[in-house]
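Asks: Sequence plus predicted model, see below.
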Amino acid sequence: MSTADLFLKIESLPAELRKEAEAFIDALLKRGPKKKPDRKPIPFGKFKGKIRIADDFDAPLVDLKDYM
């Protein structure tokens, strides 16, 4: 359906129904997709020295010993 067809259909409605159609269109516009805020990329190496991985990171977990 083209915009012109839609406009003609809305124009043919009584005034009360036009108000309902307008309210419905406003509700659809509010529900529509919202813009995501622009994010700046995190510079490479920003967290250097702030994150530590344990030496036994790859070691089996004691809690899962029964399942191995």
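Replies: Received the coordinates, thanks.
Asks: Pull the number of nearby residues for Gly32.
Replies: Neighbours of Gly32 under the rule other C-beta atoms under 10 Å: 7. To be clear about C-beta, it is placed using only N, CA and C from the backbone, and glycine gets the same treatment.
Asks: How about the contacts made by it?
Replies: Not one residue lies near Gly32 by C-beta atoms under 8 Å, 6 or more residues apart in numbering.
Asks: How many residues are close by Ala4?
Replies: 8.
Asks: distance of it from Lys48?
Replies: Note on Ala4: its distance to Lys48, by C-beta to C-beta, to the nearest Å, is 60 Å.
Asks: do the same with Lys34
Replies: Counting by C-beta to C-beta, the gap between Lys34 and Lys48 amounts to 35 Å.
Asks: Any buried residues in stretch 20-38, and which?
Replies: Residues of stretch 20-38 classed as buried by neighbour count (16 or more other C-beta atoms under 10 Å): none.
Asks: chain center to it: distance?
Replies: Stretch 20-38 has its C-alpha centroid displaced from the chain centroid by 14 Å (C-alpha atoms, centre = their mean, to the nearest Å).
Asks: Other residues contacting the lengthiest helix in the chain?
Replies: Counting residues, the longest helix found in the chain (DSSP state H) is helix 15-31. Helix 15-31 is contacted by residues 10, 13 when judged by C-beta under 8 Å, 6+ apart.
Asks: so how far is stretch 55-68 off the chain centroid?
Replies: Averaged C-alpha coordinates place stretch 55-68 at 37 Å from its chain's average position (C-alpha atoms, centre = their mean).
Asks: gap between the two ends of that stretch?
Replies: 21 Å (C-alpha to C-alpha, to the nearest Å).
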